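Trainee: Below are the sequence and a predicted model for it; my questions follow.
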Amino acid sequence: MKDLKQKYIGCAVLLLVSSLIVKLIGAVYKIPLTAFIGATGRGYFNTAYNLLMPLHALIMGALPVAFTHLVSKRLEKGGGKGMYKLKKAAAAVFFSAGALGCAAMLLLAVPYSKAVGMPKCLPAVFAMAPAVFFSAGAAFNRAFAEGHMDMTATAVGQIAEALFKTVFGLLFSKYVMGALYSRFLETGAVLGTACASQTQALSAIYPYTAAAAVLGAAVGALLCWVYCSAYVRIRYSPLYPRASGSVTPEIKELLKFSLPIAVSTLIQSGSAFLDNASVQYCLSLCSAQSLSQAYSQCLMISGTQQSDLTTYVYGLFSAANDIKMLFPGLTMALGAAAVPALTGAYESGRHAQFSSLLSGVIKYTCVIACGGGFFLALAARQVTGLLYGSENADIVLGCTPLVRLYGIFMLLFCLAGAAVYSAQAVGCASKCVPYFIAAAVLRVGLNFALVSNARFNIYGAAVSDIAAYLVILAGCLVALRRVCGARIAFFSSVLKPALCAAAACAAGRAVYVALFDFSSNAAFTIVFGVIYTVFLTIFVLLSKTIDISELKMLAASKKTA
């Protein structure tokens, strides 16, 4: 028990650190990128990502979880017997999925852009297509290493991908913006289309700067694949010698186990896709006059054309959503690291150990979710200002209240992700499907009821998100209880982290008000963040929410790594 938990803690911390680095790189990326493409360009950028999401969830979520499970299961049962053939079978499945996903992006680009009422997003969708194939290659290698409870490929790979995405995305978008804007100043036209003003010219340029940024993300995915492939080949190829014979049984085994995970994942990601698409569509149903009045200051600051109103407001929603995903992005690392550990405990029939591990996953998730969410709720304006800067004051003004709302409900968003990973790890994803369907229907229904009303607009989307995540969390926990008999220590795993975070907020705020008064967003975020983190750490340790023995396990895992 101790050895498995020690391995899990070591893997989870490695992925947490790498995820934190990725988030920091992403923050650095968004500031200049948003300066280049504005909220309108962000609308096109995120519209392209919305089409990618279901394919990305299948290739980076469902298939890797299934492959990791089978690799871990083989190591648990037979010490890796037949691993070469399983790896060969998985390669065929992953690369087929990548090729089909890339083709689907290209085929769906035109009808999708018309359906959401944003034909200008077409260049970004086309630029996104190659990333599907490259991501499949990286996911295959990362999942194989994760099955050995080796998170190095995943950790380094995602940092490399984020870094190269930032470098190439900014380079490409800056070059395109400069070239097209210079051409407009010389000729009064953008790609042959005459523009009467700078506002019209920027409206014509933004779709191409967004596409250039997306192309940078595709380059990042390619280089991540190159690294992960080299890592797995060097480290694991000598361990599993080539074996002849058909791999059809292994392909069937992988597809059989991955099918319920794929179905549940596609329903989830399809729900997210329909959510974003319905938000875009429902915004177009709002009274243009009322929507303009709601964001009049933002529109005045940004100089956005009335014809780009819906795209602009959706861009504000996307900017807030990016901040919302900062902490779920971190806690996903806990879920990914838990897959081989939970699989090992479940397959060996150690139900008490399984419940203990699951409670640990939930507890660590709650510490990060409550700690991060409460901080975000208190410092929403400063964090938003730090990420988007003075050059995008309209975005800060437009999405700060939404970011604060997301911070309050951060625990729900993070816990739902951890519960989904845990359910998939033990093969009970099919039991969660009815809940995912119910969440999808609820989400879209609430969007049509609320977002189409200019009084609620993008805040209606937040309400639908909260309701859907609540249904998903409840469904996964019920499935885990029924299939695995899992018992979660609610007080120590959920309530204590929340109380510690609330106490840290109160104490940190009191100390900051008494001693400091910074007007700079960066100074406030750093100073208040440090004070808050110190108090949170003290309360977490004093309350034994995280025990000293767990820190000793972490130290031991580093020594044996």
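Mentor: Perfect, thanks for sending it.
Trainee: Against residue 147, how distant is residue 423?
Mentor: Distance, residue 423 to residue 147, using Cβ to Cβ, to the nearest Å: 18 Å. Any C-beta I mention is one placed from the backbone N, CA and C, and that applies to glycine too.
Trainee: So the two - more neighbours on which side?
Mentor: residue 423 (30 against 27; other Cβ atoms under 10 Å).
Trainee: So the more buried one: helix, strand or coil?
Mentor: Secondary structure assignment for residue 423 (DSSP: H, G, I helix; E, B strand; the rest coil): helix.
Trainee: How much space separates it from residue 414?
Mentor: Look at residue 423 and residue 414: by Cβ to Cβ, they are 15 Å apart.
Trainee: the helices in the stretch 1-150 of the chain, which residues?
Mentor: With DSSP state H, counting those that start in this stretch as the criterion, the stretch 1-150 of the chain has helices at 2-57, 63-78, 83-115, 122-147.
Trainee: for the stretch 451-561 of the chain, what are the low-confidence residue spans?
Mentor: For the stretch 451-561 of the chain, the stretches with pLDDT under 70 are 548-561.
Trainee: any idea which residue sits dead centre in this protein?
Mentor: By Cα atoms, centre = their mean, the mean C-alpha position of the chain lies nearest to residue 329, the distance being 4.7 Å.
Trainee: tell me the contacts of that residue?
Mentor: 19, 22, 23 (Cβ atoms under 8 Å, 6 or more residues apart in numbering).
Trainee: Let's see the PyMOL selection covering just the buried ones among those residues.
Mentor: The PyMOL command for the buried members of those (criterion: 16 or more other Cβ atoms under 10 Å) is given here:
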select buried, resi 19+22+23
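Trainee: Tabulate the contacts of residue 329 in a markdown table, adding columns for distance to residue 531.
Mentor: Below are those laid out as a markdown table (distance: Cβ to Cβ, whole Å):
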| residue | distance to residue 531 |
| --- | --- |
| 19 | 24 |
| 22 | 25 |
| 23 | 21 |
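Trainee: and which of the contacts of residue 329 is nearest residue 405?
Mentor: residue 23 (20.2 Å; Cβ to Cβ).
Trainee: Which residue is the nearest non-sequential neighbour of that closest one?
Mentor: Take residue 23 and drop its neighbours on the chain: the residue closest to it by Cβ to Cβ, 6 or more residues apart in numbering is residue 326, 5.6 Å away.
Trainee: In terms of helices and strands, where is residue 497?
Mentor: helix 496-515 (DSSP states H and E).
Trainee: and that helix, what other elements does it pack with?
Mentor: helix 351-378, helix 521-542 (3 or more Cβ pairs under 8 Å, 6 or more residues apart in numbering; DSSP states H and E).
Trainee: Can you give me the distance of residue 172 to residue 453?
Mentor: Residue 172 is 38 Å from residue 453, by Cβ to Cβ.
Trainee: out of these two, which sits in the busier spot?
Mentor: residue 172 (21 against 16).
Trainee: What helix or strand is that one located in?
Mentor: Residue 172 belongs to helix 152-187 when assigned by DSSP H and E.
Trainee: Mind giving me the packing neighbours of that helix?
Mentor: helix 2-57, helix 122-147, strand 189-190, helix 198-236.
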